[in-house]
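Participant: Predicted model and sequence follow; I will ask about them next.
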Amino acid sequence: MPEAPQRISFFPLERLDEASMAVLYRCAEVGTPRPESSAVRAHSPGAFWAFEDAWERLFRQGVVEHSLKEICRLYVSRSVKCEYCGNQRSEMARRDGVTEGKLDELLNFETSERFSERERAALAYAEAITWRLEVDDAFWERLYAHFSEEELVELAGFIGLTMGQQSWIRLLNLRHLQLLAGDGAAGLIEAS
């Protein structure tokens, strides 16, 4: 069966300004987001820069450790079935010890010994947001045992941002290494 076509084109790279191109080159180097999704967002400068600013503040910066946000991002990827997003990795999180073996157990995070109690609580939060689960006082007590209110708000903002983007990107039929493949292509896992 032929592969479905890409549903929204890449904005022509030769028409991007220097600052926007710098974002795409950084995406190729650091792994998430990949330059392909950023090149689609470039059709709308407002969407491009709003996403870039939010991604920078919520994913690469902030008070919650980056590796924890990366496992939440990948939990969302598997939940919304976005293989494009699920097959990319943050180089920073990889350096911080996020391994493929650990990620293989994401959907069984509650029983896996590879996750700390703090990671399990964050993943339960991602699960509740993603699946719109009903929660009780015990759920919130668990979260407050591991996170401040500032951390909970940051995590929710990041989970919501990544969930919305991944739900949309899944529809686009993007493929990796279509743009800037010779400029790093970091952050991808081997295709199986």
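Facilitator: That came through fine. Numbering: from 1, shown residues only.

Participant: Now do the helices in this structure.
Facilitator: For the chain, the helices defined by DSSP state H occupy 18-30, 35-41, 45-55, 66-80, 83-86, 91-95, 100-103, 117-131, 137-146, 149-172.

Participant: can you list contacts of the least confident helix or strand in the chain by mean pLDDT?
Facilitator: When each helix and strand of the chain is scored by mean pLDDT, DSSP states H and E, helix 83-86 comes last, with a mean of 76. By Cβ atoms under 8 Å, 6 or more residues apart in numbering, the list of residues contacting helix 83-86 from outside reads 33-34, 36-37, 73-74, 76-78, 162, 165-166, 169-170, 172, 174-176. No exception for glycine: its C-beta is placed from N, CA and C like everyone else's.

Participant: repeat that with 10 Å
Facilitator: Identification of contacts with helix 83-86 by Cβ atoms under 10 Å, 6 or more residues apart in numbering yields 32-34, 36-37, 73-80, 103, 106, 162, 165-167, 169-170, 172-176, 189, 191.

Participant: Next up, the contacts around the most centrally placed residue in the chain.
Facilitator: The residue lying closest to the centre of the chain (Cα atoms, centre = their mean) is Arg73, at 4.1 Å. Going by Cβ under 10 Å, 6+ apart, Arg73 touches 32-33, 59, 85-86, 88-90, 93, 126, 158-159, 161-163, 165-166.

Participant: ends of stretch 49-61, how far apart?
Facilitator: 16 Å (Cα to Cα, to the nearest Å).

Participant: average model confidence for that stretch?
Facilitator: For stretch 49-61, the mean per-residue pLDDT is 96.

Participant: Name the residues of it that come out as buried.
Facilitator: The neighbour-count check on stretch 49-61 (16 or more other Cβ atoms under 10 Å) flags Phe51, Glu52, Ala54, Trp55, Leu58, Phe59 as buried.

Participant: Go ahead and confirm the third one touches Gly157.
Facilitator: Spelled out, it's Ala54. Yes. If you go by Cβ atoms under 10 Å, Ala54 and Gly157 touch, sitting 7.6 Å apart.
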